[in-house]
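A.B. asks: next come a sequence and a model predicted from it.
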There are 2 protein chains.
Amino acid sequence: MSKKIQVNWQPDRKSKVSLSDQIVSYIKSKIYKGDWLVGDLLPSQRALSQTLGVNRSTIVDAFSELNALGIIESKTGKGTLIANSSWSMLLSKTPDWQNYISGSIHKSNLPTIQSINKYEFEEDIIRLSTGEIASDLMPHDAISSVLMKLAELKEPYNYLEPLGLEELRIQLSNYLKRYHLNFKPSEILIVSGSLQALQLISVSLLGENSTVLVEENSYVKSLKVFEYEKMNMKSVPTDSNGPIPWLIDEKELKSNALLYTIPTFHNPTGRLMSTSRRLELLDWCKHHHLPIIEDDAYRELYFDSMPPVPIKSYDDSGNVLYLGSISKSLAPGLRIGWIVGPESIIERLGDIKMQSDYGASSISQWMLTYLIKDGHYEKHLEVLRKELKDRCHHLNDLLIKHFSNIASWEVPEGGFYIWLKLNDHISTDILFDLALKEKLLINPGHIYAFKKHTYIRLSYCYASKDQLSDGIKKLADIIKKL
Amino acid sequence: MSKKIQVNWQPDRKSKVSLSDQIVSYIKSKIYKGDWLVGDLLPSQRALSQTLGVNRSTIVDAFSELNALGIIESKTGKGTLIANSSWSMLLSKTPDWQNYISGSIHKSNLPTIQSINKYEFEEDIIRLSTGEIASDLMPHDAISSVLMKLAELKEPYNYLEPLGLEELRIQLSNYLKRYHLNFKPSEILIVSGSLQALQLISVSLLGENSTVLVEENSYVKSLKVFEYEKMNMKSVPTDSNGPIPWLIDEKELKSNALLYTIPTFHNPTGRLMSTSRRLELLDWCKHHHLPIIEDDAYRELYFDSMPPVPIKSYDDSGNVLYLGSISKSLAPGLRIGWIVGPESIIERLGDIKMQSDYGASSISQWMLTYLIKDGHYEKHLEVLRKELKDRCHHLNDLLIKHFSNIASWEVPEGGFYIWLKLNDHISTDILFDLALKEKLLINPGHIYAFKKHTYIRLSYCYASKDQLSDGIKKLADIIKKL
């Protein structure tokens, strides 16, 4: 039933906003907040002019605007009613933002990714697929010790040069030698994580009709980073070693093309590329003038033996852009990664980086400088590798217990992920929703895929062992019911 | 004179790279490094096969490839010579990177900006135009104290939620109330500095044929951030108060358009927009459904009285995207800024931010949280304002002394800049080069302009008083000689 509206509010006579505009705003805000509903009856113009202590003409002006917007309506014999409470009416003076969004350059994230980004921060959720280490796996004592050091050193926190903090690039140049990567600080660009590296490569080197070749399941398929203009992503034939170069269709290479690969502890499959495949792939790409982006974010996370050295270490012709990061191996919150490549390309990318955000956080860069220099990073990695191996085995044990009859998988030699293939043709989207109801968050494998399939990316790096035990059992129960 | 080359090197028989390829690489690298020059004579194939201990056929293969690349040449009766040492020859197996760059989406920085970005890091340079505070104006004790606090607290440094650290958004939501900005944490997006804010707005809200209206001289004219696709930037009629709304050509508003302004201590002119202009501009833009980007990076840097409250504070209809930052007022190295706007737009921008770099450095975000929360920021600003006022007066005194007859300028009430107009028609590009020879770095005004003119942006925030005294005198001398 409609009610008679009581007004107990006064306009601000000192405001620069006109009284009439204030009244319009007030009425809109009451409707917007839901305090007044459609059909409710406003006081008469005369009554309102008395209550608010303003001229009758001010009320007439305000009502006339609200009327024009379709928000109120005068009915003979009844008075003035609230006629509409829709957003679009209330905000009719707002720019048509939706139109701006739909006409813009950058695509929205996949709805599933948006949901994951959101639900990760809900209470009590068990994150069975998250691609980052839990806080208790981070080297808090080392980080504290570096923070104390920085508190003493009082470094200037000015803008940095285009390639990033020189001290950090020197440290990285030395550090990377252990992986047979012999590059000068001038061949290294500091970025705010590997994702930004991809973003920079996309807008700095690719253009209309560029093709990005990727594995059949690939991390970048879950992103929109290679979807500017008329770029396109294509999957290449892939086996357990990664892309099979001799099966790549040469017709795909016409416009400016790139090949993106994660040869070491691949995301999402966890697989490791052999040395011979690395050499074959590089050789094929060199002969086809096809640059490789080698994303090596998971390199440090081997359980037992060091993985084959990077493709980049065999690259004598500037064919490979090498991406490194501490987001997986130390702490994503620092937002630091790096690109190694030919100087001309590094300069180009540094120029665009300057145009994107004037460089990465200098406090983060100083922290990483000392974490490496003072040996904290190496010590931390030793601990982390053991922990991840232990958690991986724990997850594998749980899968053997609960998933033996309903799925198949391989046990990785490092990294974060077990790539679980469900035996039955279950919709992993439905599974996502059902799991969420049980407070389980999973990454359906199809977000990484070019074809539909029934894989799930599981991870053992974030959820605690207890959470894994609980979550994996629950997940198996949901699947069995389907 | 050409010399006979001596080889004292051996291929690596254990390497996976073929012996022939190793020989090709070795010869290329010697030429590339400049050890061997064009015209130099290689040993005979027979001699080389003995020295390297490889089959003659391996040498034949290697020479044949080098020959095909045009790097070596066999002359009858003379032997085999180095024929070419150019990069392109040596790297003929490299992807044609230049082609990638020229076909890509993002434009390079202006050459002048690239030079400035580079020369800022040269020794002994006096930076007369730099837009950031010198390290000695930063609150090092407060920063140290916050670093110590973080060392104790051991916060997790995981990925953060799409809008950024909630604790920081709560602090900002409170802090901004002093400027009549009453917005919830959910209406605030943390970004890696204001430049990134512009970048996000550009790719998230603008598209083909979008028009960005700006003042006649504008910071964003020096950037390429609004030059994707067929976007265009247009200047609107401007007076000492900023854009004159009633003179804006309505025809410019057809496609999705935005108006970008720095109403408070404008970059590069230093000017301050009056309250009435703020209201007039907002009113006009509201009626034309034209969103405003209000860049308020310099707000805190007033010398005496607080500047008029932001345009955003009068915005009752989601018409204004408000950009704040600590890059000018605290330390650019933290790389933290924020956008205040309608929730739907903040969410859209947050989604694209996640796709750009997964959020700003969480250590930087925690630092700023405590710098504000513990009152450090406010105390620091009181000191900084006094210092900047003092330096501004110092620069003004120097200009009166050395530039009275050759230039005109206004003294700003805050911010960083004096916008100096040279009386004579001197090329500020030539001046830039001549100044650089004297180790003076200046920003020619035309990088901010749509028309040629003879302005220079000077700043008093970076160079020390002594450097200013020295630099301004030298600059005047150079101009007088021209």
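C.D. replies: The structure has been received and is ready for your questions.
A.B. asks: contacts and neighbour counts: CA atoms only from here.
C.D. replies: OK.
A.B. asks: what about the closest residue to residue A:360 other than its chain neighbours, neighbour count?
C.D. replies: Spatial nearest neighbour of residue A:360, chain neighbours left out: residue A:192 (5.3 Å); criterion: Cα to Cα, 6 or more residues apart in numbering or on different chains. For residue A:192, the neighbour count with other Cα atoms under 10 Å in any protein chain shown is 30.
A.B. asks: same question for the one 4 residues further on.
C.D. replies: Residues within reach of residue A:196, counting by other Cα under 10 Å, total 23.
A.B. asks: could you do residue A:451 as well?
C.D. replies: Using other Cα under 10 Å, residue A:451 is surrounded by 10 other residues.
A.B. asks: ditto for residue A:152
C.D. replies: Residue A:152: 15 surrounding residues under other Cα under 10 Å.
A.B. asks: OK, contacts around it?
C.D. replies: Applying Cα atoms under 8 Å, 6 or more residues apart in numbering or on different chains, we find residue A:152 in contact with residue B:144.
A.B. asks: thinking again about what came up before, tell me who's in contact with the residue nearest to residue A:360.
C.D. replies: A:335-337, A:359-361, B:357, B:361.
A.B. asks: which residues outside stretch A:13-21 are in contact with it?
C.D. replies: A:11-12, A:54, A:58-59, A:61-62, B:314.
A.B. asks: which parts of it are buried?
C.D. replies: Judged by neighbour count using 16 or more other Cα atoms under 10 Å in any protein chain shown, the buried positions of stretch A:13-21 are A:19-21.
A.B. asks: now swap in stretch A:360-374 and tell me
C.D. replies: For stretch A:360-374, using 16+ other Cα under 10 Å, the buried residues are A:360-373.
A.B. asks: got JSON lines for the residues you listed, with secondary structure and pLDDT too?
C.D. replies: Shown next, in JSON lines, are these (DSSP: H, G, I helix; E, B strand; the rest coil; pLDDT from 0 to 100):
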{"residue": "A:360", "secondary structure": "coil", "pLDDT": "96"}
{"residue": "A:361", "secondary structure": "coil", "pLDDT": "97"}
{"residue": "A:362", "secondary structure": "helix", "pLDDT": "96"}
{"residue": "A:363", "secondary structure": "helix", "pLDDT": "97"}
{"residue": "A:364", "secondary structure": "helix", "pLDDT": "97"}
{"residue": "A:365", "secondary structure": "helix", "pLDDT": "98"}
{"residue": "A:366", "secondary structure": "helix", "pLDDT": "98"}
{"residue": "A:367", "secondary structure": "helix", "pLDDT": "98"}
{"residue": "A:368", "secondary structure": "helix", "pLDDT": "98"}
{"residue": "A:369", "secondary structure": "helix", "pLDDT": "98"}
{"residue": "A:370", "secondary structure": "helix", "pLDDT": "98"}
{"residue": "A:371", "secondary structure": "helix", "pLDDT": "98"}
{"residue": "A:372", "secondary structure": "helix", "pLDDT": "98"}
{"residue": "A:373", "secondary structure": "helix", "pLDDT": "98"}
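A.B. asks: mind listing the strands for the stretch 201-350 of chain A?
C.D. replies: For the stretch 201-350 of chain A, applying DSSP state E, counting those that start in this stretch gives strands covering A:211-214, A:232-235, A:238-239, A:242-243, A:257-261, A:292-295, A:320-325, A:337-340.
A.B. asks: show me what the second one is packed against.
C.D. replies: For strand A:232-235, the packing partners by 3 or more Cα pairs under 8 Å, 6 or more residues apart in numbering or on different chains; DSSP states H and E come out as strand A:211-214.
A.B. asks: run through who's touching the strand it packs on.
C.D. replies: So strand A:211-214 is contacted by A:220, A:226, A:231-236, A:243, A:252-253, A:255-261 (Cα under 8 Å, 6+ apart).
A.B. asks: run the chain-centre distance for it.
C.D. replies: Chain-centre distance of strand A:211-214: 20 Å, with Cα atoms, centre = their mean, to the nearest Å.
A.B. asks: that strand pairs with which strands?
C.D. replies: Using DSSP bridges, the strands paired with strand A:211-214 in its sheet are strand A:232-235 (parallel), strand A:257-261 (parallel).
A.B. asks: list the contacts for the residue nearest to residue A:311 when sequence neighbours are not counted?
C.D. replies: In space, and not counting its chain neighbours, residue A:311 is closest to residue A:278: 5.6 Å by Cα to Cα, 6+ apart. Neighbour list for residue A:278: A:263, A:310-311 [criterion: Cα under 8 Å, 6+ apart].
A.B. asks: which pLDDT does the model give residue A:278?
C.D. replies: On the pLDDT scale, residue A:278 is placed at 96.
A.B. asks: likewise residue A:463?
C.D. replies: Taking residue A:463 on its own, its pLDDT is 97.
A.B. asks: quick check: the closest residue to it other than its chain neighbours vs chain B, distance?
C.D. replies: Closest residue to residue A:463 apart from its sequence neighbours, by Cα to Cα, 6+ apart: residue A:127 at 5.8 Å. From residue A:127 over to chain B the distance is 13 Å, taken as Cα to the nearest Cα, to the nearest Å.
A.B. asks: just checking, residue A:127 touches residue A:441?
C.D. replies: Yes - contact between residue A:127 and residue A:441 holds when scored by Cα atoms under 8 Å: they sit 4.9 Å apart.
A.B. asks: shared neighbours of those two, anything?
C.D. replies: Common neighbours of residue A:127 and residue A:441 (criterion: Cα under 8 Å, 6+ apart): residue A:120.
A.B. asks: tell me which of the strands paired with strand A:211-214 sits most buried.
C.D. replies: Comparing those by mean neighbour count (mean count of other Cα atoms under 10 Å in any protein chain shown), strand A:257-261 comes out on top with a mean of 24.
A.B. asks: please state the offset of that strand from the chain centre?
C.D. replies: The answer for strand A:257-261 is 20 Å, by Cα atoms, centre = their mean.
A.B. asks: can you list the neighbours in contact with it?
C.D. replies: By Cα under 8 Å, 6+ apart, the list of residues contacting strand A:257-261 from outside reads A:206, A:210-215, A:242-243, A:290-295.
A.B. asks: so of the residues you listed, which two are at opposite extremes in space?
C.D. replies: Pairwise distances across those (Cα to Cα) peak at 23.2 Å, for the pair A:206 and A:242.
A.B. asks: I figured residue A:38 hits residue A:80, correct?
C.D. replies: No - using Cα under 8 Å, residue A:38 and residue A:80 do not qualify as a contacting pair, with a distance of 11.2 Å.
A.B. asks: what's the helix or strand residue A:472 falls within packed up against?
C.D. replies: Per DSSP states H and E: residue A:472 is located in helix A:465-481. Using 3+ Cα pairs under 8 Å, 6+ apart, the elements in contact with helix A:465-481 are strand A:126-127, helix A:376-403, helix A:428-437.
A.B. asks: quick check: next helix or strand after the second one?
C.D. replies: Secondary structure here is assigned by DSSP H and E; on that basis, the next helix or strand after helix A:376-403 toward the C-terminus is strand A:407-408.
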